[in-house]
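Undergrad: I need the structure of the sequence given here:
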Amino acid sequence: MVVSTIDSGPRRIAPSEPRDTRKGDFPMLSQFTTKLPLRFWSKIRVLENGCWEWTGTRFPGGYGNFRTGSLRDKTRRKVLAHRWAYEHLIGPIPVALQADHRCHNNSDCSGGLSCPHRRCVNPAHIEPATGSQNTSRGCNRQRQKTHCPQGHPYDESNTYLYHDGRHRRCRTCVSELNRRYYARLREK
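TA: Presented below is the predicted three-dimensional model:
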């Protein structure tokens, strides 16, 4: 038996009942239904692109959160819903890796906290990846910028890269900042 949410809340679908995925029924294997609690399924809405959108509460970063554990033995905690679904349906994510949303594409997303892919909890759309892989696959708005906030170009001669290889600064702006700093020191 599969559980689905449409706008009226959860309903049970008999195995013999035909499924119309355009109306929000879960196009998932029946083995998935027993591995996750009904409380989890009631917070999911299936989208046309196959994403399982988390309709429950979210962390400030936009990712869904799910309470797990017990108050009695003090194991109660909030977990990332997409990681929890992946770990319970597919397997553990290695400690050094992150859960990367493979359904994320830059064509329909401006990135950041409003990214709709952060709400996807479909484990088929999640792949363990290193932090650098996850960042490079995502929509990194800072990397897409071609000019600093003052309008100077981020080109090879005008860009200072930090030793970590992830941060950059405009050389013209740094020079101007240093010039003003030392001018203030000379005035004192």
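Undergrad: only C-alpha atoms for contact and neighbour calcs from this point on.
TA: OK.
Undergrad: in the protein, which ranges drop under the pLDDT threshold?
TA: Along the chain, the parts satisfying pLDDT under 70 run over 1-34, 105-114, 138-144, 165-166.
Undergrad: domains for it, by residue range?
TA: Per the record, the chain has its domains at 2-144, 145-188, by automatic domain parsing.
Undergrad: Now render those as JSON lines, adding mean neighbour count.
TA: Formatted as JSON lines, the domains of the chain follow (neighbours: other CA atoms under 10 Å):
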{"stretch": "domain 2-144", "mean neighbour count": "15"}
{"stretch": "domain 145-188", "mean neighbour count": "12"}
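Undergrad: pretty sure H101 is in contact with H117, am I right?
TA: Yes: contact criterion CA atoms under 8 Å: H101 and H117 qualify, at 6.9 Å.
Undergrad: could I get stretch 88-104 in PDB with only the CA atoms?
TA: Backbone C-alpha positions of stretch 88-104 (Å, rounded to 0.1, in the frame of the first residue of the first chain) are rendered in PDB as follows:
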ATOM      1  CA  HIS A  88      16.700   4.800   5.700                       C
ATOM      2  CA  LEU A  89      15.900   3.900   2.200                       C
ATOM      3  CA  ILE A  90      19.400   3.500   0.500                       C
ATOM      4  CA  GLY A  91      22.100   3.400   3.200                       C
ATOM      5  CA  PRO A  92      24.400   5.500   5.300                       C
ATOM      6  CA  ILE A  93      26.200   8.500   3.800                       C
ATOM      7  CA  PRO A  94      30.000   8.300   4.600                       C
ATOM      8  CA  VAL A  95      31.200  10.800   7.200                       C
ATOM      9  CA  ALA A  96      33.400  12.700   4.900                       C
ATOM     10  CA  LEU A  97      30.700  13.200   2.200                       C
ATOM     11  CA  GLN A  98      27.600  15.500   1.900                       C
ATOM     12  CA  ALA A  99      24.200  14.700   0.400                       C
ATOM     13  CA  ASP A 100      24.200  16.400  -3.000                       C
ATOM     14  CA  HIS A 101      20.800  17.100  -4.700                       C
ATOM     15  CA  ARG A 102      21.300  15.800  -8.300                       C
ATOM     16  CA  CYS A 103      17.900  17.200  -9.300                       C
ATOM     17  CA  HIS A 104      19.400  20.700  -8.900                       C
END
